[in-house]
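In: Please work out how this folds:
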Amino acid sequence: MEVQQKDDGKQGLFYIEHNGMIAAEMTYVWAGTDRIIIDHTEVDDVLRGKSAGKQLVAKSVEFARDKKISIIPLCPFAKSVFDKTPEYSDVL
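Out: Below is the predicted model of the structure:
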């Protein structure tokens, strides 16, 4: 599974395609120039149980580290992953 990203400077999306369709997505909005707010994560049944959601969160952490920005995980799923993964605390 390859996590891809779209970003228009105001909001963005990390996503995984399956058979040409978006089967998992995590949306975010920019809060200023140095922070994103993850507001929603959704995984289609076809990818459920395959750690797709965790891969989306991992990609957001990689993005935040590369851009030297922080993440506010308002989405309950993303927040639970951050709470269970102390090595991600550097981007909070």
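
In: From here on, just use CA atoms for contacts and neighbour counts.
Out: Fine.

In: mind listing what's buried in the longest helix seen in the chain?
Out: Criterion DSSP state H: the longest helix present in the chain is helix 52-67. For helix 52-67, the buried set under the neighbour-count rule, 16 or more other Cα atoms under 10 Å, comprises 52, 53, 55, 56, 57, 58, 59, 60, 61, 63, 64.

In: what's the distance between the residue lying farthest from the centre of the chain and residue 57?
Out: The outermost residue of the chain relative to its centre, with distances by Cα atoms, centre = their mean, is residue 19 at 20.7 Å. Residue 19 sits 22 Å away from residue 57, going by Cα to Cα, to the nearest Å.

In: With residue 7 instead?
Out: 16 Å.

In: Confirm for me that residue 27 is in contact with residue 39.
Out: Yes: with contact defined as Cα atoms under 8 Å, residue 27 and residue 39 form a contacting pair (5.9 Å).

In: just the strands in this protein please.
Out: Per DSSP state E, the chain carries strands over the ranges 3-7, 11-18, 21-30, 35-43, 70-73.

In: Could you dump these into TSV and include distance to residue 85, mean neighbour count and mean pLDDT?
Out: Below are the strands of the chain laid out as TSV (distance: least, Cα to Cα, whole Å; neighbours: other Cα atoms under 10 Å; pLDDT from 0 to 100):
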stretch	distance to residue 85	mean neighbour count	mean pLDDT
strand 3-7	19	14	98
strand 11-18	19	19	98
strand 21-30	18	19	98
strand 35-43	16	19	98
strand 70-73	13	21	98
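
In: Residue 81: which of those strands is closest?
Out: strand 70-73 (9.3 Å; Cα to Cα).

In: Check which strands are paired with the closest one and give the direction for each one.
Out: strand 35-43 (parallel) (DSSP bridges).

In: what's the strand it pairs with in contact with?
Out: 23-31, 52-53, 69-75, 77-78 (Cα atoms under 8 Å, 6 or more residues apart in numbering).

In: Having no further points to raise, I will conclude here.
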